[in-house]
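S.K.: Have a look at this prediction, sequence included:
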2 protein chains.
Amino acid sequence: MSKSIDNTFSVEKPEESSGFLLWQVTNLWQRQIKKALEPYGLTHSQFVLLASIHWLSVHQQEVTQIVLSNHTKIDPMTTSTVLRTLQQKGFIQRQEHLTDTRAKTVGLTEEGKEIIKKAVITVEKFDTEFFSILGNKTTELNKNLITLLGQQ
Amino acid sequence: MSKSIDNTFSVEKPEESSGFLLWQVTNLWQRQIKKALEPYGLTHSQFVLLASIHWLSVHQQEVTQIVLSNHTKIDPMTTSTVLRTLQQKGFIQRQEHLTDTRAKTVGLTEEGKEIIKKAVITVEKFDTEFFSILGNKTTELNKNLITLLGQQ
DNA sequence: TGTACATAATAAGTACGCATATTATATTTG
DNA sequence: CAAATATAATATGCGTACTTATTATGTACA
């Protein structure tokens, strides 16, 4: 009683696997946010790190690369690389940590502060638009995503 | 009536922006599926392309790189690059299209067929586990993701 | 028929995202 | 205190993911 010639796939439409959908939506979102950030000369990862530095600076004493990595879930190596780029661009400064000489304290420059404030507005606007098609289901989506993140 | 020292962010917890959540969940998923596919020596993109070639071969006459690109939403350049790797690994073969000499017809080798059948089982199992924490909310998530994909 | 436009594939280049390994320094524990 | 262990940052290298530009070929239409 085969429904099709081939039985490799357990679903008739592999396009409807959650993983495949998640991956495709993220790629779509990434592609679009990349465009939205173009005027600022920032990539998405650069934006996330700048925004997180800003956020953490307001709420925490010392912002190290590891703290940033944990907060953004960008792996430490990528964090290091991206931060160097941001330093070259003049948006952040890195100095030795006061007590832990292994660590580096990261902070925004004035230029960095200016650009991230504008970029955050752009990204928040973009995000609202991108997810607006869901209407009140957005909360539902967020809840499910948070649940999935909870798996670690 | 400021709730915090800084008002750059419109939400108190930027961690709860849909975009940021989506990106983080996808990164988590990618990291884990990478591990799940390790025994096959396949990356996720390679898996997606192999699975799509298999799927489309069963349902369509000629599978070209553009058809694959449209189906997977992997951009044409990346598709080209990844397919070359898959060819080197001996999982696919590329030959000139019968009527359109610009195009290349892509097909699985016997080895490719064997490995993708096993890999699909692994990935479907992984996906089920990864999203199982959502229980019956998975349908809800899929629906929302499909809606978002509909934006193009 | 020829010319404008579209399409398929790829070259070259930038930037993640992650794995593994290394260096330097902290911290823990016997 | 010294040895074992953990942690912070980075060098190196692979594999996407995408941009812009190029080559070659197909198609439409005046």
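M.R.: Sure, I can see it.
S.K.: For the spatially most central residue of chain A, which non-adjacent residue is closest in space?
M.R.: Closest to where the C-alpha atoms of chain A average out (C-alpha atoms, centre = their mean) is residue A:48, at 4.9 Å. Distances taken as C-beta to C-beta, 6 or more residues apart in numbering or on different chains put residue A:72 closest to residue A:48, at 5.2 Å, once the chain neighbours are dropped. The C-beta positions use only the backbone N, C-alpha and C, and glycine is treated the same way.
S.K.: Strands of chain A, residue ranges please.
M.R.: A:92-96, A:104-108 (DSSP state E).
S.K.: Would you mind finding the most buried of the ones you listed?
M.R.: For these, average neighbour numbers computed from mean count of other C-beta atoms under 10 Å in any protein chain shown are highest in strand A:104-108, which has a mean of 19.
S.K.: how about low-confidence regions in chain A?
M.R.: A:1-15, A:152 (pLDDT under 70).
S.K.: Counting neighbours, what do you get for the closest residue to residue A:148 other than its chain neighbours?
M.R.: Spatially, and ignoring its direct neighbours in sequence, residue A:148 is nearest to residue B:25 (4.9 Å; C-beta to C-beta, 6+ apart). The local packing of residue B:25 (other C-beta atoms under 10 Å in any protein chain shown) involves 21 other residues.
S.K.: Residue A:149 is in contact with residue B:25, correct?
M.R.: Yes - counting by C-beta atoms under 8 Å, residue B:25 touches residue A:149, with 5.7 Å between them.
S.K.: which parts of the longest helix anywhere in chain A are buried?
M.R.: Using DSSP state H to define each element, chain A has its longest helix at helix A:110-132. Across helix A:110-132, burial judged by 16 or more other C-beta atoms under 10 Å in any protein chain shown covers A:112-113, A:115-117, A:119-120, A:122-124, A:126-127, A:130-131.
S.K.: show me which of those residues neighbour chain B.
M.R.: Among the buried residues of helix A:110-132, the ones lying near chain B by C-beta under 8 Å from any C-beta of the partner chain are A:116, A:117, A:120, A:123, A:124, A:126, A:127, A:130, A:131.
S.K.: Closest one of the residues you listed to residue B:59?
M.R.: residue A:130 (31.2 Å; C-beta to C-beta).
S.K.: which residues touch the closest residue to that closest one other than its chain neighbours?
M.R.: Nearest residue to residue A:130, sequence neighbours excluded (C-beta to C-beta, 6+ apart): residue A:29, at 6.2 Å. For residue A:29, the contacting residues are A:130, B:19, B:22, B:23, B:148, by C-beta atoms under 8 Å, 6 or more residues apart in numbering or on different chains.
S.K.: can you give me the helices for chain A?
M.R.: A:18-37, A:44-59, A:65-72, A:76-88, A:110-132, A:137-149.
S.K.: Looking at chain A, what residue ends up closest to DNA strand C?
M.R.: residue A:101 (3.0 Å; C-beta to the nearest atom of the strand).
S.K.: since we're on the nearest residue to residue A:144 once chain neighbours are set aside, how many residues are nearby?
M.R.: Of all residues not flanking residue A:144 in the chain, residue B:141 sits nearest, at 4.8 Å (C-beta to C-beta, 6+ apart). Using other C-beta under 10 Å, residue B:141 has 21 other residues around it.
S.K.: Pretty sure residue B:141 sits against residue A:143.
M.R.: No - under the criterion of C-beta under 8 Å, residue B:141 makes no contact with residue A:143, lying 9.7 Å away.
S.K.: can you tell me how far the spatially closest residue to residue A:116 that is not a sequence neighbour sits from residue A:118?
M.R.: Excluding its sequence neighbours, the residue lying closest to residue A:116 (C-beta to C-beta, 6+ apart) is residue A:50, at 4.4 Å. Noted for residue A:50: a distance of 11 Å to residue A:118, by C-beta to C-beta, to the nearest Å.
S.K.: what does chain A put close to DNA strand C?
M.R.: Proximity of chain A to DNA strand C (C-beta under 7 Å from any atom of the strand) is limited to residues A:43-46, A:73-75, A:77-78, A:81-82, A:85, A:100-102.
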